[in-house]
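Trainee: What shape does this take:
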Amino acid sequence: MGLLTRFARICRADINGVMDSMEDRALLLKEYVREMEEALNSKASDLEVKRGELAKNAISLEQYRNEAKKTDQDISSALSKSRDDIAKRLIMKLKHIEADIVELENYVSCLEIEIQELSNTLEEQKKVCEQIKLKARIANLREKTKGTGIEQSALRGEIPDEEVELELLKRKDELKEGAQTNGR
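Mentor: Okay, here's the model as predicted:
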């Protein structure tokens, strides 16, 4: 590698470092959270569109089934009147309707699976988004309380050793008292 290439990399790295220190991390976190929420809203809207499409196709499927029943009745009626020519046309029509029903049932089934998967994914991503929001709030609080004397461990949810020791002693005392009352 040439000397100029190394020098250029060092300059770029230094510029990136300066830019990173100039950026307000809290604002970046807020922007990332906003982008995640927009993506989640977009997916939720896609899910609603799919659910609407499913409802529309379920109605169509019911209409096809009703038409198939009516056509079947018409075939029986034509046969009872010895109208084989009409019965043949109606049978042809029924076969097409039945093929459409099978195709529509498959499509509805695929839509139901797709909706379930999208719904599950959306729920998981909402949980992740909420966790990231919480972490962003904690990071924001850390930045605000830096140098103010507020313990950073409290912001991280860490429990001081003294508190753990105190709880241990309380529980030991309760256990001894319980054993004494049971022994009497």
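Trainee: Of all the helix elements in this structure, which one is longest?
Mentor: Longest helix in the chain by number of residues (criterion: DSSP state H): helix 84-145.
Trainee: most centrally placed residue in this protein?
Mentor: Central residue of the chain (Cα atoms, centre = their mean): residue 122, 1.3 Å from the mean position.
Trainee: The nearest residue to it once chain neighbours are set aside: neighbour count?
Mentor: Distances taken as Cβ to Cβ, 6 or more residues apart in numbering put residue 43 closest to residue 122, at 5.3 Å, once the chain neighbours are dropped. C-beta here means a position set from N, CA and C on the backbone, and glycine is covered the same way. Neighbourhood size, residue 43 [other Cβ atoms under 10 Å]: 16.
Trainee: cool, and residue 90?
Mentor: Neighbours of residue 90 (other Cβ under 10 Å): 21.
Trainee: Please give the element, helix or strand, for the residue nearest to it when sequence neighbours are not counted.
Mentor: Spatial nearest neighbour of residue 90, chain neighbours left out: residue 75 (4.6 Å); criterion: Cβ to Cβ, 6+ apart. Residue 75 is part of helix 25-80, with elements assigned from DSSP states H and E.
Trainee: Show me what that helix is packed up against.
Mentor: helix 84-145 (3 or more Cβ pairs under 8 Å, 6 or more residues apart in numbering; DSSP states H and E).
Trainee: Distance from the helix it packs on to the middle of the chain?
Mentor: Here helix 84-145 is found 12 Å from its chain centre; the criterion is Cα atoms, centre = their mean, to the nearest Å.
Trainee: Report the angle between that helix and helix 25-80.
Mentor: 170 degrees (axes from the mean of the first three to the mean of the last three Cα atoms, to 10 degrees).
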